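**Q** What follows is a predicted protein model with its sequence.
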Amino acid sequence: MHIEIKQESRTDYQEVFDVNVKAFRQDSEARLVDALRKNDEVFVPELSLVAMDNNTVIGHILFTKIAIIDKNGEAHISLALAPMAVHPACQKKDVGGQLIYEGLEIARQLGYKSVIVLGHTDYYPKFGFKPASFWKIQAPFDVPDAAFMAIELVENGLTNISGTVRYPKEFDMV
Ligand SMILES: CC(C)(COP(=O)(O)OP(=O)(O)OC[C@H]1O[C@@H](n2cnc3c(N)ncnc32)[C@H](O)[C@@H]1OP(=O)(O)O)[C@@H](O)C(=O)NCCC(=O)NCCS
């Protein structure tokens, strides 16, 4: 299978919606993607990536801007990896892995210093994610410690940054 990872274009939106519905078996995440695209303050077009197989979208990953609010109320910009979806027929073939690697690399090139993810504890650590509690970074909601993870995109990208993550309001949908 030859997969191409590229920035999504407007013509991919419907297929991205469909892949999210298929992967999550509900439309909340698909609608979240649609809503986040409309929020210029957090949406980074270069970080909405699709995995293409023969001109068909088989996977999608999105990183949006978030803030880590420290105890002095100061905001430190980071990224949330969410959502991420691979068509069920194409899973376990490293499509997700390629989307993550490419996304992290582009994020680094754009100057971001870290990424936060809430997700499978046996998946994201493969890419270098660690529990965010390592840096004393917390979710704004109750979540198992190990599932709330972070990665530094540059050395010391999270040094001296601790606090509570503030998600864009669109995340209240899921
Ligand atoms: C998670 C997902 C994006 C991974 O995509 P993928 O292309 O299958 O990923 P890869 O081929 O790179 O890696 C496969 C790994 O995914 C992980 N994984 C997939 N689904 C998982 C689940 N429900 N729980 C835990 N780990 C899971 C496993 O670690 C698996 O490794 P294995 O083959 O050794 O078991 C895909 O399974 C998916 O779309 N799932 C439904 C939506 C979802 O859960 N999104 C992520 C939200 S955190």
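**A** Received the coordinates, thanks. Numbers count the residues shown, from 1 in each chain.
**Q** got the CA coordinates for the lengthiest strand in the chain in PDB?
**A** Determined from DSSP state E, the single longest strand within the chain is strand 56-69. Provided in PDB are the C-alpha atoms of strand 56-69 (Å, rounded to 0.1, in the frame of the first residue of the first chain):
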ATOM      1  CA  THR A  56      -8.900   8.300  -1.500                       C
ATOM      2  CA  VAL A  57      -8.800   9.600   2.000                       C
ATOM      3  CA  ILE A  58      -8.100   6.700   4.300                       C
ATOM      4  CA  GLY A  59      -6.900   8.600   7.400                       C
ATOM      5  CA  HIS A  60      -6.900  12.000   9.000                       C
ATOM      6  CA  ILE A  61      -5.100  13.800  11.800                       C
ATOM      7  CA  LEU A  62      -5.700  17.200  13.300                       C
ATOM      8  CA  PHE A  63      -3.500  19.300  15.600                       C
ATOM      9  CA  THR A  64      -5.100  22.500  17.000                       C
ATOM     10  CA  LYS A  65      -3.700  25.300  19.100                       C
ATOM     11  CA  ILE A  66      -4.300  25.000  22.900                       C
ATOM     12  CA  ALA A  67      -2.900  26.800  25.900                       C
ATOM     13  CA  ILE A  68      -1.300  25.500  29.000                       C
ATOM     14  CA  ILE A  69      -2.300  28.000  31.800                       C
END
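**Q** Remind me what the helix or strand that comes right after it packs against, helices and strands.
**A** Where DSSP states H and E defines the elements, the next helix or strand beyond strand 56-69 is strand 75-86. If contacts are counted by 3 or more CB pairs under 8 Å, 6 or more residues apart in numbering; DSSP states H and E, strand 75-86 sits against helix 13-24, helix 28-37, strand 43-53, strand 56-69, helix 95-109, strand 114-118, strand 163-166. All C-beta atoms are positioned from the backbone trio N, CA, C, and that covers glycine.
**Q** Just the buried residues of strand 75-86, please?
**A** Buried positions in strand 75-86, judged by neighbour count with 16 or more other CB atoms under 10 Å: 76, 78-86.
**Q** For the residue nearest in space to the middle of the chain, list the residues it contacts.
**A** The central residue of the chain, meaning the one whose C-alpha is nearest the mean C-alpha position (CA atoms, centre = their mean), is Leu81 at 1.3 Å. Taking CB atoms under 8 Å, 6 or more residues apart in numbering as the definition of contact, the neighbours of Leu81 are 61-63, 100, 103, 115-117, 119.
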